[in-house]
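K.L.:
Here's my sequence, what's the structure:
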Amino acid sequence: MPKLTKKSIEELSRILNVIPKEELDMYWGMYANDCFWRCVAYLNGAGTSEEAAATYALNYWSSELGSSVAAHAFLDSNGAGMWSDAAIAYVKANSIGHSIHRLDVDRLSVYMDNSISIGGAWHDVIFEISTTNDEGVDVWIFFDPQNGKRYTIPVSELLNGACKTIW
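P.N.:
As a prediction, this is how the structure comes out:
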């Protein structure tokens, strides 16, 4: 294996595009649609970072496709999104034991009112508690590991088909 030197790195930087750290920090997720995997990483104590989510997604797809090379290619071209049935099976098989819900953010005022763009209508979050707010409205509180925020959503909005339980 050839030795990597400062000169060879400088030569590579002339040939390849180098993304400055400031620009790199603006990107969300190593793989598109990684909200399910961010929930999984968070619930397993690995945090909410894109790296943690990518690790879980890569491990899953490596197992499903037989190699990490095939998994990387699949994730790069298709993203890390999971069909509901596959997500349910994964959660049950791995005994995560918390409630991941898939929300239709295009139908929920808390996302629309705050101009939160997720990149698709359905988005996975973690259910934390149901309660009644100060105005006497029944609400559910969710944690969104992708942006690190908690949202209080009226149950009435969730009952109109805007919420699917993954587990």
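
K.L.:
Starting from whatever helix or strand Tyr151 lives in, tell me which strands it pairs with and how they run.
P.N.:
For Tyr151, the element it lies in under DSSP states H and E is strand 149-154. If you go by DSSP bridges, strand 149-154 pairs up with strand 138-144 (antiparallel).

K.L.:
Can you point out the buried residues in stretch 73-90?
P.N.:
Going by neighbour count (16 or more other Cβ atoms under 10 Å), the buried part of stretch 73-90 is 74-75, 79-82, 87-88, 90. From N, CA and C alone the C-beta is placed, and that goes for glycine too.

K.L.:
For that stretch, measure first residue to last.
P.N.:
21 Å (Cα to Cα, to the nearest Å).

K.L.:
ok, and what's touching that stretch?
P.N.:
29, 31-37, 40, 53-54, 57-58, 60-61, 65, 100, 102, 120, 124, 164, 166-167 (Cβ atoms under 8 Å, 6 or more residues apart in numbering).

K.L.:
Give me the mean pLDDT for that stretch.
P.N.:
Rounded to a whole number, the mean pLDDT of stretch 73-90 is 86.

K.L.:
any idea how far Ser67 is from the residue most central in space within the chain?
P.N.:
Centrality entry for the chain: nearest residue to the mean C-alpha point is Cys35, 1.6 Å, by Cα atoms, centre = their mean. For Cys35, the distance to Ser67 equals 25 Å [Cβ to Cβ, to the nearest Å].

K.L.:
Let me see the backbone angles for Trp83.
P.N.:
phi -70, psi 150 (degrees, to the nearest 10).

K.L.:
where are the low-confidence patches of the chain?
P.N.:
Where the chain drops to pLDDT under 70, the residues are 1-9, 12-13, 16-30, 97-98, 112-120, 167.

K.L.:
longest helix of it?
P.N.:
Counting residues, the longest helix found in the chain (DSSP state H) is helix 50-65.

K.L.:
and that helix, how far from the chain's centre?
P.N.:
12 Å (Cα atoms, centre = their mean, to the nearest Å).

K.L.:
when you give positions from now on, start the count at 33
P.N.:
With 33 as the first residue, the last one maps to helix 82-97.

K.L.:
So which elements touch it?
P.N.:
Secondary-structure packing of helix 82-97 (3 or more Cβ pairs under 8 Å, 6 or more residues apart in numbering; DSSP states H and E): helix 67-75, helix 100-110.

K.L.:
right, and those - which one's nearest Phe174?
P.N.:
Nearest of the helices and strands packed on helix 82-97 to Phe174, taken as Cβ to Cβ: helix 67-75 at 10.3 Å.

K.L.:
Asp156 falls within a helix, correct?
P.N.:
No. Applying DSSP: H, G, I helix; E, B strand; the rest coil, one finds Asp156 to be strand, outside a helix.
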